[in-house]
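In: when you get a sec, could you give me coordinates for this:
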Amino acid sequence: MAISLYLYLSDTFVARMDAKADRKNKVLLIHNLHFEDVALSNAISGIAEALKVFGQFNGCRDIFFSRSNNDTYLSGVSKNFS
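Out: Numbering: from 1, shown residues only. Predicted coordinates for the structure are as follows:
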């Protein structure tokens, strides 16, 4: 079952995502990462770190992204997992 999560940095709502932890294969599947209309250029590494921690909490070693509404932000986040 996939769940919807909301991402905040400090007190600012920055993104939401639909995700599923595939614990058998140790992969966090992020079906959709939707960024809100806020400037995030300095916060991309913080979002990536939060996703890493969330994945580790769920027993996942890898993160797979299916889609996003902002390819620039998504590439900034995903390059932290290469």
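
In: quick one: the residue nearest to residue 4 when sequence neighbours are not counted from residue 41, how far?
Out: Computed as C-beta to C-beta, 6 or more residues apart in numbering, the closest residue to residue 4 that is not its neighbour in sequence is residue 18, at 5.5 Å. The way it works is simple: take the backbone N, C-alpha and C, and place the C-beta from them, glycine included. Residue 18 sits 24 Å away from residue 41, taking C-beta to C-beta, to the nearest Å as the criterion.

In: cool, residue 13 as well?
Out: Distance, residue 13 to residue 41, by C-beta to C-beta: 17 Å.

In: neighbour count for these two, which is higher?
Out: residue 13 (11 against 8; other C-beta atoms under 10 Å).

In: wait, a helix at the more buried one?
Out: No. Remark: residue 13 does not belong to a helix; assigned using DSSP: H, G, I helix; E, B strand; the rest coil, it is strand.

In: roughly how far does it sit from residue 49?
Out: Taken as C-beta to C-beta, the span from residue 13 to residue 49 is 18 Å.
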